[in-house]
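1. Could you look at this predicted model? Sequence included:
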Protein chains: 2
Amino acid sequence: MNINTQQQLEAKFFKGLADKSRLAILEALLTGPKTVSEIVTATELSQPNTSAHLTCLLECGIVRREKQGREVMYQISMEEVATIIQAARGVLKQHSEEIYNCTRY
Amino acid sequence: MNINTQQQLEAKFFKGLADKSRLAILEALLTGPKTVSEIVTATELSQPNTSAHLTCLLECGIVRREKQGREVMYQISMEEVATIIQAARGVLKQHSEEIYNCTRY
DNA sequence: TACACATATAACTATATATTTATATGAATA
DNA sequence: TATTCATATAAATATATAGTTATATGTGTA
């Protein structure tokens, strides 16, 4: 595996976190496992949109799921994610203004 | 600042890292300050593309720059970035296969 | 001053991604 | 079994972002 592929994988991992809707979902899951409905309520995203993002997070291993009757429980499966989100919050304490003003993305 | 804005800022921060070209640039800068030309050489990106990404990273406070004659030196200004990239590498040790197979983004 | 060099920007194109609306699937229950 | 509930998926649209080519800007130097 060359260095370029390694960087593509790293980029892909960060993309999992680089979306406000997915972060809202992950934040909801930081307090513990939740069903899709509970996540929909917590995040105020539409059900299909929530579902799509969850599938996305599932595929790249950030969350895992478990069927329980007709409900599906999701939970964070990558412990490091909590740490990394915390680190980002630390960065925002210092740099929120620059990031706020950044117009590129 | 409501929680939604906070999450948008977090997402914006992660977007800085969620691109293979920007990660290549940051990796080049992890070993120390470099001019744009040096970064172009190290990353094999085109000069205008490199410049655009650098402006992007500059705007959101991840790097800073300093003019030196007709050259411009860039360096990482957010120490936490190195730590966060390291954390991502740790995650990849466990989850590279899932992330590799993830087709959503 | 004219030219060469380093970097930035603009216009354009291509592509990736998020979101919505509508619908399918599968499980519980009346 | 028909219906309702929970979730997933598909199709369509909208938007955001990356990358290229061409050019502008500013600085050093012949």
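-> Nice, I can see it.
2. What residues sit buried inside stretch A:34-50?
-> Using 16 or more other Cβ atoms under 10 Å in any protein chain shown as the test for burial, stretch A:34-50 gives A:K34, A:V36, A:E38, A:I39, A:V40, A:A42, A:T43, A:L45, A:T50. Backbone N, C-alpha and C define where each C-beta goes, glycine included.
3. Does that stretch reach DNA strand D?
-> Yes. Shown here: stretch A:34-50 in contact with DNA strand D (Cβ under 7 Å from any atom of the strand) through A:T35, A:V36, A:S37, A:V40, A:Q47, A:P48.
4. near chain B, anything from that stretch?
-> No. Residues of stretch A:34-50 contacting chain B under Cβ under 8 Å from any Cβ of the partner chain: none, with a closest distance of 8.9 Å.
5. For that stretch, give me every contacting residue.
-> A:21, A:24-25, A:28-29, A:51, A:53-54, A:68, A:71-75 (Cβ atoms under 8 Å, 6 or more residues apart in numbering or on different chains).
6. can you pull the contacts of A:A11?
-> B:L17, B:A18, B:D19, B:K20, B:R22, B:L23.
7. And the fifth one, its phi and psi?
-> Looking back up the chat, that one is B:R22. As for B:R22, its main-chain torsions (degrees, to the nearest 10) stand at phi -70, psi -40.
8. cool, the fourth one as well?
-> Dihedral angles phi and psi of B:K20 (degrees, to the nearest 10) take the values phi -60, psi -30.
9. how many neighbours does it have?
-> Residue neighbour count, defined by other Cβ atoms under 10 Å in any protein chain shown, stands at 19 for B:K20.
10. The second one now?
-> The burial metric for B:A18, expressed as a neighbour count using other Cβ under 10 Å, is 22.
11. Now do it against DNA strand D, distance only.
-> Between B:A18 and DNA strand D the computed distance is 7 Å (Cβ to the nearest atom of the strand, to the nearest Å).
12. can you check the fifth one too?
-> With distances taken as Cβ to the nearest atom of the strand, B:R22 is found 6 Å from DNA strand D.
13. and that residue, what does it touch?
-> When contacts are counted by Cβ under 8 Å, 6+ apart, B:R22 touches A:A11, B:G16, B:H53, B:C56, B:L57.
14. where does the closest residue to DNA strand C within chain A fall, phi/psi-wise?
-> Proximity of chain A to DNA strand C (Cβ to the nearest atom of the strand) peaks at A:G69, 3.0 Å away. The phi/psi pair for A:G69 (degrees, to the nearest 10) reads phi 60, psi -130.
15. And the one 3 residues further on, by the same measure?
-> Recorded main-chain torsions at A:V72 are phi -130, psi 120, according to degrees, to the nearest 10.
16. and the strand or helix carrying A:P48, how far out from the chain's middle?
-> In this assignment (DSSP states H and E), A:P48 forms part of helix A:47-59. For helix A:47-59, the separation from the chain centroid amounts to 10 Å (computed by Cα atoms, centre = their mean, to the nearest Å).
17. Is DNA strand C within reach of that helix?
-> Yes. Against DNA strand C, helix A:47-59 shows contacts by Cβ under 7 Å from any atom of the strand at A:P48, A:N49, A:A52, A:H53, A:C56.
18. mind putting the residues of stretch A:34-50 next to DNA strand D in CSV, pLDDT included?
-> Below are the residues of stretch A:34-50 next to DNA strand D laid out as CSV (pLDDT from 0 to 100):
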residue, pLDDT
A:T35, 98
A:V36, 98
A:S37, 98
A:V40, 97
A:Q47, 97
A:P48, 97
